[in-house]
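Participant: Here is a sequence with its predicted model. Questions after.
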Amino acid sequence: MTPSGPSRPSLPVEIGTTVGAWIVGQVKVAAISAVLYAAGFAIAGVVWWPVVAIVCGFLHLVPIVGGLVALVIAVGAAYLGAPHSYVWIGALATCLTVQLLETFVLTPRILGTKLRLHPVAVLVSGIVGGLLFGPLGVIFSAPVLAIVLIVWQRQRERRITT
């Protein structure tokens, strides 16, 4: 008996597609973060702001530590470029703002869309993954959740058709 609807791809293909979508989503979040950093650093007057913004944006691919390293780089560049001014406060404000946007808006929405998960599910899976497995848990929590849901849905469909 064949299903009347369109056929689904095989399980490995569907998992591979999901992992690919996760990678694309992560790069998209990093690129948007870099643009946000660039705008903030340019307004604040940070020296070498384009380079610092790109580095800081793509450091968000490394959870927890990446944000801290980005903060140190940005504030350090701002202070070294103008040690007697308050440019470093603008760099600090930019880092904190982008970090909050990335954590609570960008990542849940972009990865949620790419992985067909609700944004809150992405956020909660990151928190639980981080608590259970540390930084690696944060990195891989959303794609693992998406893969578990794919397998669960297939099992459910198989039970309904038998």
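Facilitator: Nice, I can see it.

Participant: In which helix or strand does the residue nearest to residue 104 when sequence neighbours are not counted reside?
Facilitator: For residue 104, ignoring the flanking residues on the chain, the nearest one in space by C-beta to C-beta, 6 or more residues apart in numbering is residue 123 at 7.2 Å. Glycine gets a C-beta too; all of them are placed from N, C-alpha and C. Counting by DSSP states H and E, the element that carries residue 123 is helix 119-133.

Participant: Give the other helices and strands that that helix contacts.
Facilitator: The contact analysis (3 or more C-beta pairs under 8 Å, 6 or more residues apart in numbering; DSSP states H and E) places helix 119-133 against helix 107-115, helix 135-161.

Participant: ok, back up a step: need the pLDDT of the residue nearest to residue 104.
Facilitator: We note a pLDDT of 90 for residue 123 in this prediction.

Participant: Who are the contact partners of it?
Facilitator: Contact analysis of residue 123 by C-beta atoms under 8 Å, 6 or more residues apart in numbering lists 104, 107, 108.

Participant: Drop the exposed ones from these and show what's left.
Facilitator: 107, 108 (16 or more other C-beta atoms under 10 Å).

Participant: picking that back up, and the helices and strands packed on helix 119-133, which is most packed in?
Facilitator: Burial of the helices and strands packed on helix 119-133 is given as mean neighbour count (mean count of other C-beta atoms under 10 Å); helix 107-115 ranks first at a mean of 21.

Participant: Where does the prediction get shaky in the protein?
Facilitator: For the chain, applying pLDDT under 70 flags the ranges 1-6.

Participant: Could you check the top helix by length along it and say which residues are buried?
Facilitator: Ranked by number of residues, the top helix in the chain under DSSP state H is helix 11-44. With burial defined by 16+ other C-beta under 10 Å, the residues of helix 11-44 counted as buried are 14-15, 18-19, 21-22, 25-26, 28-30, 32-34, 36-38, 40-41, 44.

Participant: Pull up the gap between residue 20 and residue 75, please.
Facilitator: According to C-beta to C-beta, to the nearest Å, residue 20 stands 35 Å off from residue 75.

Participant: related to what we said a few turns ago, figure out which of the helices and strands packed on helix 119-133 is closest to residue 48.
Facilitator: Set against residue 48 and scored by C-beta to C-beta, the helices and strands packed on helix 119-133 come closest in helix 107-115, at 26.4 Å.

Participant: What residues does residue 31 make contact with?
Facilitator: residue 57.

Participant: rerun at 10 Å
Facilitator: The neighbours of residue 31, taking C-beta atoms under 10 Å, 6 or more residues apart in numbering as the test, are 54, 57, 58, 60.
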